[in-house]
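Novice: Sequence first, then the predicted structure, then my questions.
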Amino acid sequence: MKTRSIIKKALSYLLVAAMIITAVPAMKTDAAAAKEPSFKVSVADGAMVKGNTKKITVSPKTKIKSYKSSNKKVLKVNKKGKITAVKKGTATITVTAKNGEKAKITIKVFGKKDDMVVNRKIKGKKALWHIKKGKVVKRAGFATDGISWFYINKKGKVDTKKTAVITGVLDGREADWYVKKGKAQLDYSGMAYVNGYTYLIEEGRAVKKHVGKLDAFFGDEVGFKEGETKVIGDEKVKLTLTTIWPTKNASTIFSINGVESEVMLLVEENGYYASFNKYIKDYKLEFTKVEGGKYYVRITERNGEIKKPMAISGKASDRYTTTDYEYIESDNLIIFMDKGVSFDGNVLVKFENYMKRVEKNTGFNRVIKNDLAYYGFQSEMNYIYGNEVFDGVDSDFNKVHVYIRENIHPCCNAHQDYYSYIEMDPDSLQVNSERFNSDFIHEYTHYNHLTNGPSFNPITNEGFAAYIEMKVAREILSDMSEEDFFNEYYYQYLIEEGELTEDGAEQRFIDSYPDGPEHTKIYNYGCIFMEYLFSTYGEKAFSNLFKEGQTMVEKQLEETGWSDLSGENTSKLLKKTYSENIFKDFVKWIDDNPKFTKIKQNYDY
């Protein structure tokens, strides 16, 4: 496990030359998306009256098994999707694909003198005309063809080029409606930039309107100098360019309604453009170039396809290998992967089970911290994969993020306040191998601990993770005999005979172990110390350290800048919470429980 301060980490990312790589569509859709049909059905604009025929359009092209009308007295449909209006009324056409997916469209058939929009040739000009009582209505306003609503000009014609926000009545509701190319966008929510104004749209209704220089930020580039702040109207969106680094990278604060988030601009070596995009809610913040001492920013509404998760079966017998950057997800977890990663089909099922067992054994619920989250997410993506192909995926950070890449020691970067995640190599995804792999259990224990409480010294942190790792592994491997489990799995965490003395145990705890072969002894010391702590002081022996520990961390942070409690301070905390002689008592306990020791190893340096 490793922890890094947010400042040190931010500076390290300034040295990374980021790359812009276009996202390739995911190989398969997720299970949730499979519930929705993969195709849409529509008919040409214009109302139907008795005797009219139309062809149902299926997009994208899909092999269709059948078409069915809910009311054949109103609408008939043949096997090729041709519909015929029989009489006034409403019917629903169900289109069933050969793969079993179904899509529906409801169509209203009008009487010849009803109020409607119909596609008709009048005076040699075919267009969408507003008809009422059999005549063209030459009056501006809204009218429907039974499916869509249109804005009609004073000549009675739908202007298919008109984009505007217009006050009118649709379905009995008077509001400012967003119209694009003559059609009311009733299924649209987001931001729209129309005739110099920016509108916030909710289900077709314009609920907010802004004007001003920066309202042109939708699609336009705006330049910022160092120290400059710009505010965007009533929406209270604020951009502040805080720092320009010698490397031409920069820091910016992006705020929506007072909620701030830091953005780090990473500039390509040629210094021309910054390759950092940021999503905050419905906004996409894109740094486009560096020119004339300014950083140029374009802000647009979020649009385009967010990469979909790779679909897997959940079966232990299935194996998958990524051919592109992919991710898989379950209710509580997302695993991001590089190209060429092989994994077991039931890895999500197993990991979800491991998470529940860890939470049960630690007594800590899963916590997601998202302060500075998107900054950390984007930076870590650039650091690990050198790209931003996962932009917009779980941008609210509702799930635990796991990054998979080759040649990395499993580790956890977690903090009570900052973006938290786990890194592992592909071997950690092999959950059905003969040798039980507990990497994820160990790292998720760190995540579980460090998002709920303060970080202590390495011996305590790693010891707790190793202790819970072995408890969970023992539950999972319940069919294995106690002796076999102890020899095959627990043995790695036994402490060496004579390693600790009553006089030296505390100082070793404070000093830890030097880098090199002996450094792994932090796991052994820590794991057996946790065995002692829990067996002596009960199931809350670890969590009892949190409150006072957090106070000590905050004081230490002010004095030294370190957010991990030092060995000396962790020792003081343990003695204050439990006993002044806790380390001497620990050594005595080891002597009384020799099963937790092993023969001393010789190390060649």
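Specialist: The structure has been received and is ready for your questions.
Novice: From here on, just use CA atoms for contacts and neighbour counts.
Specialist: Noted.
Novice: Could you check the helix or strand where residue 165 lies and say which residues are buried?
Specialist: Per DSSP states H and E: residue 165 is located in strand 164-170. For strand 164-170, a neighbour-count test (16 or more other CA atoms under 10 Å) marks 164-166, 170 as buried.
Novice: And stretch 181-190, by the same measure?
Specialist: For stretch 181-190, a neighbour-count test (16+ other CA under 10 Å) marks 182-186, 189-190 as buried.
Novice: what's the answer for stretch 448-458, then?
Specialist: Buried residues in stretch 448-458, counted by 16+ other CA under 10 Å: 448-458.
Novice: gap between that stretch and the chain center?
Specialist: Stretch 448-458 sits 23 Å away from the centroid of its parent chain (CA atoms, centre = their mean, to the nearest Å).
Novice: Any idea how far apart the tips of that stretch sit?
Specialist: Using CA to CA, to the nearest Å, the end-to-end distance of stretch 448-458 comes out at 16 Å.
Novice: Just the mean pLDDT for it, thanks.
Specialist: On average, the pLDDT along stretch 448-458 is 95.
Novice: what do you get for stretch 138-145?
Specialist: Computed over stretch 138-145, the average pLDDT equals 92.
Novice: for stretch 199-207, same thing?
Specialist: 85.
Novice: Now do the phi/psi pair for the closest residue in space to residue 132 that isn't next to it in sequence.
Specialist: Leaving aside its sequence neighbours, residue 132 sits nearest to residue 115 (CA to CA, 6 or more residues apart in numbering; 4.3 Å). Backbone torsions of residue 115, given as degrees, to the nearest 10, read phi -80, psi 110.
Novice: What pLDDT does the model give residue 115?
Specialist: Reported pLDDT for residue 115: 91.
Novice: ok, it - contacts?
Specialist: Counting by CA atoms under 8 Å, 6 or more residues apart in numbering, residue 115 touches 130-133, 143.
Novice: Could you measure from the spatially most central residue of the chain over to residue 336?
Specialist: Residue closest to the average C-alpha location in the chain (CA atoms, centre = their mean): residue 394, at 1.5 Å. Using CA to CA, residue 394 is found at 11 Å from residue 336.
Novice: What count of nearby residues applies to the nearest residue to residue 252 once chain neighbours are set aside?
Specialist: Nearest residue to residue 252, sequence neighbours excluded (CA to CA, 6+ apart): residue 241, at 4.4 Å. Residue 241: 20 surrounding residues under other CA atoms under 10 Å.
Novice: for residue 241, helix, strand, or coil?
Specialist: strand (DSSP: H, G, I helix; E, B strand; the rest coil).
Novice: which residues touch it?
Specialist: Residue 241 makes contact with 224-229, 250-253, according to CA under 8 Å, 6+ apart.
Novice: Show the pLDDT at residue 398.
Specialist: Looking at residue 398, its pLDDT is 85.
Novice: what separates stretch 468-485 from the chain centre, distance-wise?
Specialist: 34 Å.
Novice: Next: stretch 340-358.
Specialist: Put simply, stretch 340-358 sits 18 Å off its chain's centre (CA atoms, centre = their mean).
Novice: cool, stretch 168-184 as well?
Specialist: On the basis of CA atoms, centre = their mean, stretch 168-184 sits 34 Å off its chain's mean C-alpha point.
Novice: So what touches that stretch?
Specialist: With contact meaning CA under 8 Å, 6+ apart, stretch 168-184 is reached by 141-143, 148-152, 158-167, 185-186, 201, 204-207.
Novice: Where do the helices of the stretch 401-550 of the chain begin and end?
Specialist: Ranges of helices in the stretch 401-550 of the chain, per DSSP state H, counting those that start in this stretch, are 439-450, 458-476, 482-488, 505-511, 521-537, 546-560.
Novice: Name the stretch among the ones you listed that sits most buried.
Specialist: Mean neighbours per residue, mean count of other CA atoms under 10 Å, is largest over the helices of the stretch 401-550 of the chain for helix 439-450, with a mean of 25.
Novice: Point out the other helices and strands that that one packs with.
Specialist: Helix 439-450 sits against helix 347-362, strand 411-413, strand 421-424, helix 458-476, with contacts defined as 3 or more CA pairs under 8 Å, 6 or more residues apart in numbering; DSSP states H and E.
Novice: farthest residue from the center of the protein?
Specialist: What lies farthest from the middle of the chain is residue 123; by CA atoms, centre = their mean that is 55.7 Å.
Novice: Next, format the helices of the stretch 401-550 of the chain as CSV and append distance to residue 590.
Specialist: Below are the helices of the stretch 401-550 of the chain laid out as CSV (distance: least, CA to CA, whole Å):
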stretch, distance to residue 590
helix 439-450, 24
helix 458-476, 15
helix 482-488, 17
helix 505-511, 11
helix 521-537, 8
helix 546-560, 26
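Novice: ok, and for stretch 406-418, which residues are buried?
Specialist: Of the residues in stretch 406-418, 410-416, 418 count as buried by neighbour count, 16+ other CA under 10 Å.
Novice: For residue 89, give me the pLDDT.
Specialist: At residue 89, the predicted lDDT confidence score is 93.
Novice: May I ask you to confirm that it is in contact with residue 114?
Specialist: No. Applying CA atoms under 8 Å, one finds residue 89 not in contact with residue 114, separated by 11.8 Å.
Novice: quick one, which of the two is more surrounded?
Specialist: Neighbour count, other CA under 10 Å: between residue 89 and residue 114, residue 89 has more, with 17 against 14.
Novice: With adjacent residues omitted, what lies nearest to that one?
Specialist: Per CA to CA, 6+ apart, closest to residue 89 is residue 109, 5.2 Å.
Novice: One more: residue 444?
Specialist: residue 355 (7.0 Å).
Novice: Go ahead and confirm the one you found touches residue 441.
Specialist: Yes. Between residue 355 and residue 441 there is a contact under CA under 8 Å: 7.2 Å.
Novice: picking up where we left off before, let me have the buried residues of stretch 406-418 in a markdown table, extended by pLDDT.
Specialist: Shown next, in a markdown table, are these (pLDDT from 0 to 100):
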| residue | pLDDT |
| --- | --- |
| 410 | 93 |
| 411 | 93 |
| 412 | 91 |
| 413 | 88 |
| 414 | 86 |
| 415 | 82 |
| 416 | 76 |
| 418 | 76 |
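Novice: Which single one of those is nearest to residue 600?
Specialist: Residue 600 lies nearest to residue 410 out of the buried residues of stretch 406-418, by CA to CA, at 26.5 Å.
Novice: Report how many residues lie close to residue 421.
Specialist: Per other CA under 10 Å, the neighbour tally for residue 421 reads 22.
Novice: That one: what's it in contact with?
Specialist: Here residue 421 is in contact with 400-403, 412-414, 447 (CA under 8 Å, 6+ apart).
Novice: buried stuff in whichever helix or strand residue 108 is part of?
Specialist: Using DSSP H and E, residue 108 sits within strand 102-110. By 16+ other CA under 10 Å, the buried positions in strand 102-110 come out as 102-105, 107-110.
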